[in-house]
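**Q** sharing a model prediction with you, sequence too.
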Amino acid sequence: MGLERLELLKMRKEARKILFFDELDSTNSYVKESDEITDGTAVLAKIQTAGHGRMGRRFCSEEGGIYLSLCRKTSLKANELTSLTGMCAVAVSDAIEKVCGVRPCIKWMNDLLINGKKVCGILVENVFGGSDVPEKVVIGVGINVSQPAEAFDGELSGIASSLSLLTGKKADTGELVLAVLDELDAAFDTLNSGKDISDYIKKYREKCITLGKKIHILTSKNGEDPRTAMPAGEEFPSATALGIDEKFGLEVKHEDGKTETLRSGEVSVIQM
Ligand code: BTN
């Protein structure tokens, strides 16, 4: 990296409030529980001991990844923020493309994949304090950057990988963190100020690998992981993914021909 670039990076790091930790249980939990985190502050940890994803799943958070949570404040109600998760998927894809030169695909709702392997998960959580306007919005991003192949043995085998393994190049973690935070801020500010989000929807549709595929719909009861909660012998309903609507909902056609727009939950793609 040239000196000018390094100076710029240093200035940007100083301008932005980032709290660094060697280890945390979860950066999202830290932001949710802390009373001192202000709008625009990011929390980063080298490892997480209890990193979590959607539906209460564990998010593997060993050294070599980026684990960050950005705190943002809003005057919008939670039901006006539903597009944020999809917009964040586009924002992180933009950052990865800028820094690593490769654009991930998106598996609805917010998994980023390269060559069919998950490289990033995003978890947006709202903290409420008695009204339907959240006190804070926590945008959590986990990116597999430079973990070696052994980190993806066992249950993650064939499912997840790291950017360096997939691109054959070492990614600049510092630059990627700053790019991700800049893109997340831009996405949040666009939604928060009521600006047009159609560019995000267009980019999401262009890279959404779920579209046109036969899928299983994994519905969750009480926030449980549907894969483990499903009684033995039962099957998830299958459908075809038709489109992404204006709020990042997934339009599906069931086997009986009825259509529905999914706004939460998860799907698994039957044929890639
Ligand atoms: C998912 O794949 O379901 C979402 C994973 C989100 C993981 C990130 S890592 C940083 C932040 N802290 C957490 O505990 N989770 C998010």
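**A** That came through, no problem.
**Q** residues in contact with the nearest residue to Asn192 once chain neighbours are set aside?
**A** Take Asn192 and drop its neighbours on the chain: the residue closest to it by Cβ to Cβ, 6 or more residues apart in numbering is Thr74, 5.3 Å away. Any C-beta I mention is one placed from the backbone N, CA and C, and that applies to glycine too. Neighbouring residues of Thr74 by Cβ atoms under 8 Å, 6 or more residues apart in numbering: 81, 133-134, 137, 188, 192.
**Q** which two from these end up farthest apart in space?
**A** The span of the contacts of Thr74, defined through Cβ to Cβ, is set by Val133 and Phe188 at 14.8 Å.
**Q** count of residues packed around Ile244?
**A** Ile244 has 22 neighbours, counted by other Cβ atoms under 10 Å.
**Q** wait, it sits on Ile106?
**A** No. With contact defined as Cβ atoms under 8 Å, Ile244 does not reach Ile106; the gap is 9.4 Å.
**Q** overlap of the contact sets of these two?
**A** 204, 208.
**Q** now the residue in the stretch 151-272 of the chain that the ligand sits nearest to: closest residue in space that isn't a chain neighbour?
**A** Going by Cβ to the nearest ligand atom, the ligand is nearest to Glu266 of the stretch 151-272 of the chain, at 8.6 Å. Counting by Cβ to Cβ, 6+ apart, the nearest residue to Glu266 once its immediate chain neighbours are dropped is Leu218, at 4.5 Å.
**Q** and the gap between the residue nearest to Lys136 when sequence neighbours are not counted and the ligand?
**A** In this structure, Lys136 finds its nearest non-sequential neighbour in Val127, 4.8 Å apart by Cβ to Cβ, 6+ apart. Val127 sits 14 Å away from the ligand when distances are taken as Cβ to the nearest ligand atom, to the nearest Å.
**Q** what's the longest strand in this protein?
**A** What stands out as the longest strand in the chain, according to DSSP state E, is strand 117-127.
**Q** mind listing what the closest residue to Arg57 other than its chain neighbours touches?
**A** Leaving aside its chain neighbours, Arg57 sits nearest to Asp225 (5.5 Å; criterion: Cβ to Cβ, 6+ apart). Going by Cβ under 8 Å, 6+ apart, Asp225 touches 55-57.
**Q** which one of those residues sits in the busiest neighbourhood?
**A** Neighbour count (other Cβ under 10 Å) singles out Met55 as the most crowded of the contacts of Asp225, with 19 neighbours.
**Q** my read: that residue touches Leu123, true?
**A** No. Look at Met55 against Leu123 with Cβ under 8 Å: they stay out of range, at 10.0 Å.
**Q** need the pLDDT of Pro104.
**A** Pro104 is assigned a pLDDT of 98 by the prediction.
**Q** residues in contact with it?
**A** 93, 96-97, 112-114, 119-120, 207.
**Q** what of Asn192?
**A** Neighbours of Asn192 in contact, by Cβ under 8 Å, 6+ apart: 72, 74, 76.
**Q** name the single longest helix found in this structure.
**A** As assigned by DSSP state H, the longest helix anywhere in the chain is helix 173-192.
**Q** rounded mean pLDDT for that helix, please.
**A** 96.
**Q** does any part of that helix sit near the ligand?
**A** No. With Cβ under 6 Å from any ligand atom as the criterion, the ligand is not reached by helix 173-192; the gap is at least 11.0 Å.
**Q** residues of that helix that come out buried?
**A** Applying a neighbour-count criterion of 16 or more other Cβ atoms under 10 Å, one finds 173-185, 187-188, 190-192 buried in helix 173-192.
**Q** sorry, back to before: for Arg58, see how far away the residue nearest to Arg57 is.
**A** If you measure Asp225 against Arg58 using Cβ to Cβ, to the nearest Å, the figure is 10 Å.
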